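**Q** any chance you can model this:
(one chain, ligands or ions: 2)
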Amino acid sequence: MSAPAVTDAETGPLIETGYAKINLALHVRHRAADGYHAIETIFAFAEDGDRLILNDGEGVSLAIEGPFAAGLAGESDNLVTRAADRFLARFGGGGAAFTLEKTLPVASGIGGGSADAAAALRLLCRRGGVAVAEVMDIAAGLGADVPACIASVAQRGTGRGDELMSIAGDTLGGLALLLVNPLKPVSTGAVFKGWDQVDRGALGEGDPLAVALAGRNDLEPPALAIEPEIARVLALLGGQEGVTLARMSGSGATCFALFDGTEARNAAAEAIGVAEPGWWLMASRLR
Ligand SMILES: C[C@@](CO)(OP(=O)(O)O)[C@H](O)COP(=O)(O)OP(=O)(O)OC[C@H]1O[C@@H](n2ccc(N)nc2=O)[C@H](O)[C@@H]1O
Ligand SMILES: Nc1ncnc2c1ncn2[C@@H]1O[C@H](COP(=O)(O)OP(=O)(O)O)[C@@H](O)[C@H]1O
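**A** Ligands and ions are numbered 1, 2, ... in the order given. This is a model prediction of the structure:
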C-alpha cells in the first residue's frame, strides 16, 4: 500500500493570506456600559489581502513590506507580534520571524490588522499542531473582528462582532467584488462614538445576500461626518452598471460593491481608476 498523500498544508511554506474583511451589513443596536457597541453584522471575506510569512527565528520579529508598509513603520506595536506573543506564552514553540506584505490600506474598515493577527494565529497553529479552536479566546482579546478573521468565511456576528454563527448554504462565494478606498484613514473608535444611538432594528434572517440587501451600515452617517469623501466613493461605486450592492464596510472609509459578473466589475474598476487615480482599488471575489 502506498503512503497516504501529504497535503500542501503539511509540506508547504508557512504562508497565509490576511483576507480583506467586508461587512455586507452592519447594524448597531446599543452602546454598552464599557463603551463597546452591540452589533449585528454579516461578515464576508475577499479572496485577496495581505500576505504573512512565518520562519523560525530568535524571539518574535516582524518585517513589513509592500505598498502600505509605511503606514505601520513608526508603530512599535503590531497586531501580528501581539498575537504571536500571546500564542507563544500559552503554547511555547520557539521564536517566530514574520514578514508581512501589507497590501491592504491601514485603518480602513476592512480589518487589515485583524486579518493579519488571525493569519499569524493560523500560521502558529499550523506550525505547532494546535487546533484553531484553541486560540479563539486569544483572537477575541486582540480585537472584536479577529475571531471572524480566523476562519475568514462568511459568518454572522453579534455581540461586539465576536459571537459568531456560520451561515448555512452560503450563496456569497465567488461573487465579483470591488473595494475602493479614498486613502483617508478613519479611526474605528471615533466612528462608533459618532453613532447617534438610535436603534434602527435587527438584521433579517435567511439568505445572506438578501439579508445584506435589506440591511444597512449604521456606521455610514458618522463615518461620512468624519470623512465626507466617503459620499463620493459611494456615489461613484453605486452608479456603475451591474452593481447589486454598494455600501461602506465596517467603520470605513473603504466601500465595496458586489457585481452581477466579473465583466461589469472590471469595467467599473477601469472607470473609477480613470476618474480617481489617487484612490485605492482592489478587484476580487468573495471567498
Ligand atoms: C467596525 C468593525 C466592524 O467589523 O470593523 P472595522 O471598521 O474595524 O474594520 C469592528 O466592529 C471593529 O472591530 P475591531 O477593529 O477589531 O475593533 P477593536 O480593535 O476591538 O475596537 C476598536 C474600537 O472600536 C470601538 N468598538 C469596536 C467594536 C464594537 N463592537 N464596538 C465598539 O465600540 C471601541 O471604541 C474600540 O475601542
Ligand atoms: N498588521 C496591522 N495592520 C494594520 N493595522 C495594524 C496592524 N497592527 C496594528 N495595527 C493598528 O490597528 C489600527 C487599525 O487598523 P486596521 O485593522 O487596518 O483597521 P480597520 O479594521 O478599520 O481596517 C491601525 O491604525 C494600526 O495602528
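**Q** what strand or helix carries the closest residue in space to residue 111 that isn't next to it in sequence?
**A** Once flanking residues are discounted, residue 111 sits nearest to residue 21: 3.5 Å by Cβ to Cβ, 6 or more residues apart in numbering. The way it works is simple: take the backbone N, C-alpha and C, and place the C-beta from them, glycine included. For residue 21, the host element (DSSP states H and E) is strand 15-31.
**Q** pull the CA coordinates from that strand and hand them back as CSV.
**A** The C-alpha trace of strand 15-31 is given here as CSV (Å, rounded to 0.1, in the frame of the first residue of the first chain):
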residue,chain,number,x,y,z
ILE,A,15,2.4,31.5,4.3
GLU,A,16,-1.1,32.7,4.9
THR,A,17,-3.3,35.4,3.5
GLY,A,18,-4.8,38.1,5.7
TYR,A,19,-8.1,38.1,3.8
ALA,A,20,-9.8,41.5,3.5
LYS,A,21,-13.0,41.6,5.6
ILE,A,22,-16.2,43.1,4.4
ASN,A,23,-19.2,43.9,6.5
LEU,A,24,-22.0,43.3,4.0
ALA,A,25,-24.4,44.8,6.5
LEU,A,26,-23.7,46.3,10.0
HIS,A,27,-26.5,47.2,12.4
VAL,A,28,-25.5,48.9,15.6
ARG,A,29,-28.1,48.1,18.3
HIS,A,30,-26.9,49.8,21.5
ARG,A,31,-23.9,51.1,23.4
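**Q** which elements pack onto the following helix or strand past that strand?
**A** Downstream of strand 15-31, the first helix or strand assigned by DSSP H and E is strand 37-55. Packing partners of strand 37-55 (3 or more Cβ pairs under 8 Å, 6 or more residues apart in numbering; DSSP states H and E): strand 15-31, strand 96-101, helix 112-128, strand 155-158, helix 208-214, strand 280-285.
**Q** now what about the second one, what contacts it?
**A** Taking Cβ atoms under 8 Å, 6 or more residues apart in numbering as the criterion, the residues outside strand 96-101 that touch it are 18, 50-58, 60-66, 69, 78, 80-81, 84, 88, 116, 120, 123-124.
**Q** those also near ligand 2: which ones?
**A** 78, 80, 116 (Cβ under 6 Å from any ligand atom).
**Q** which of those sits closest to residue 255?
**A** Taking Cβ to Cβ as the measure, residue 255 lies nearest residue 116 of these, at 21.4 Å.
**Q** and the helices in the stretch 151-287 of the chain, which stretches?
**A** Secondary structure of the stretch 151-287 of the chain, counting by DSSP state H, counting those that start in this stretch: helices at 188-193, 208-214, 220-226, 229-238, 262-275.
**Q** packing partners of the fourth one?
**A** Read it as helix 229-238. Using 3+ Cβ pairs under 8 Å, 6+ apart, helix 229-238 sits against strand 176-181, helix 220-226, strand 243-248, strand 255-259, helix 262-275.
**Q** of these, which stretch is the most buried?
**A** strand 255-259 (a mean of 26; mean count of other Cβ atoms under 10 Å).
**Q** coming back round to it: got the helices of the stretch 151-287 of the chain as TSV, with distance to ligand 1 columns?
**A** Below are those laid out as TSV (distance: least, Cβ to the nearest ligand atom, whole Å):
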stretch	distance to ligand 1
helix 188-193	4
helix 208-214	14
helix 220-226	9
helix 229-238	12
helix 262-275	21
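**Q** got the residues of this structure near ligand 1?
**A** 23, 26, 35-37, 39, 41, 109-111, 114, 143-145, 160-161, 188-189, 192, 250-251.
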